[in-house]
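Asks: Below are the sequence and a predicted model; questions follow.
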Amino acid sequence: IGHAATLWKLRTLQEAGHKIQILLGDFTTRIGDPTGRSKTRPVIAEKGIEKNARRIRAQVLKILHPQKNLLEIRRNSEWYGTMKVGDFLKVLSLVTHARLIERDMFKERIRKGEEIYVHELLYPVLQGYDSHMLESDCTVVGSDQLFNESMGRFIQEKFKESPQAIVTLKILPGLDGGEKMSKSAGNYIALKDAPRDKFGKAMSLSDNLILDYLMMYTDVSLGDIEKWKEKVLTGGNPMQAKLFFAEALVRRYHGSSTARKEREYFLSLFSKKEIPDSVPTLSLPAGEYDALTLVVKAGASSKSEARQLIGQKAVRIAGKILSSPHESVSIQPGSIIRIGKKR
C-alpha cells in the first residue's frame, strides 16, 4: 500500500481527464537505484526483471483506469536498448560530477570512505533522461525520488523543454513503526493480501501511526481525519481509530460490504475472548520454522519453557495446537500466536 499511494494520486488525475504514463525501468533495473543504499545493489537476472515487470503491471491495473486514452505503460529499454554509445555520451555530457555528488546518500558514502561505483552515479542521469523521452509535465513519486526527478527537470531544461512539476508523497514507517514497509522487514500490507489479512495487519499498526496511515493510504476525507485526530490526541481509545482505519483500507480495495464483514469478524474474535484487546506484533522473515524456535521468538523465556508449553498443548498458531517442539510451522501474515491463556 506504500507504493500504491502514488498510483491513487495518479488515478485522481486520470479521473480529471489526464493521461498517465507508467514507466517500467526494465533497463535501469539492471543498474538498480542506489537510493537509501549504503551498499551496491545486486544485479538482477533478465528473467527476474521480466517477472517483476509483469507483477508491477498487474498491480498498476488494480488501481488505474486501463483505457488507452487514460493510461500508457512504457519501458525505458525502448530507448536505452538501441541507444548508440555516442548518443549516450552526449547525455552524460549534460551533467557535472559536482551536481551528482550533491545527492545525500553519495555524500554519506564519501564521508564514510565507502566506494561509489560509476554505474550508480549514472542512475540519476538515466532516470532524468526518461523524463525527457516521456515528455513528462508532472511526476508523482515518493520523497526518496526527489533527487532523481529533479535531474529530470534539469535535463529537460538542457533540451529547451518545460521542466516537469514534481509531486512527492511522504514515506511512512512500516506497521511496527520502524523502517519503511518492505518484504524483508515483514512490516507491510500487500495489495495482493486477502481482505482479512489486510484488516488484521492494519490492526497491528503502531498507535502513533494511525493518523498518518489514514491520510496516506485511505480515501477518508480530511474532515473525518481531523475528527479522529482530536479524539486520539485527547486520550481517546486508539483501537477505535484503528478499526476505522482498517475498515477504510479494506473498503478502498475490496468494497464496503467486504470491509464491514471483516470488521464484524475481527470484533467477533474479541467478543469470544479469542484474542486480547492489545496484541503485540512480531515481525519475522517469511518461511518455515520449527515450533520450538517460533515459541522462543514469540516470548518464551527459554527453550526449556518453550518445550514445556508445547508439551502442555498450551501453544496455538492460527487456532492450531502445536504438538511437538520439532513440528514445522509455516507462518502467515496476520496469524495469531497464543501462548497459554493470556499471551
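Replies: Happy to help now that I have it. Residues are numbered from 1 along each chain as shown.

Asks: Same question for the nearest residue to Leu134 once chain neighbours are set aside, what's its three-state structure.
Replies: Among residues not flanking Leu134 along the chain, Gln21 sits closest, at 5.4 Å (Cβ to Cβ, 6 or more residues apart in numbering). Yep, even glycine has a C-beta here, placed from its N, CA and C like the rest. When classified by DSSP: H, G, I helix; E, B strand; the rest coil, Gln21 comes out as strand.

Asks: just use 710 as the starting number from now, easier for me
Replies: Taking 710 as the first residue, the last one we looked at is Gln730.

Asks: so who does Gln730 touch?
Replies: Taking Cβ atoms under 8 Å, 6 or more residues apart in numbering, we find Gln730 in contact with 781-783, 843, 845.

Asks: Glu971 belongs to a helix, doesn't it?
Replies: Yes. Counting by three-state DSSP, Glu971 is found in a helix.

Asks: what's the neighbour count on it?
Replies: Neighbourhood size, Glu971 [other Cβ atoms under 10 Å]: 24.

Asks: coming back round to it: separation between the residue nearest to Leu843 and Leu801?
Replies: From Gln730 across to Leu801, the span is 24 Å (Cβ to Cβ, to the nearest Å).

Asks: Run through the strands of the chain in chain order.
Replies: 729-733, 780-784, 847-851, 874-878, 997-999, 1024-1026, 1029-1030, 1037-1039, 1046-1048 (DSSP state E).

Asks: Among those strands, which comes closest to Lys760?
Replies: When the strands of the chain are compared by Cβ to Cβ, strand 729-733 sits nearest Lys760, at 12.0 Å.

Asks: For that closest one, buried residues please.
Replies: 729, 731-733 (16 or more other Cβ atoms under 10 Å).

Asks: that older thread, how near is the residue nearest to Leu843 to Met890?
Replies: Noted for Gln730: a distance of 25 Å to Met890, by Cβ to Cβ.

Asks: where does the stretch 860-1009 of the chain have low pLDDT?
Replies: Residue ranges of the stretch 860-1009 of the chain with pLDDT under 70: 980-987.

Asks: Please, where are all the helices along it?
Replies: Ranges of helices within the stretch 860-1009 of the chain are 904-911, 919-926, 931-942, 947-963, 965-980, 1000-1006, based on DSSP state H, counting those that start in this stretch.
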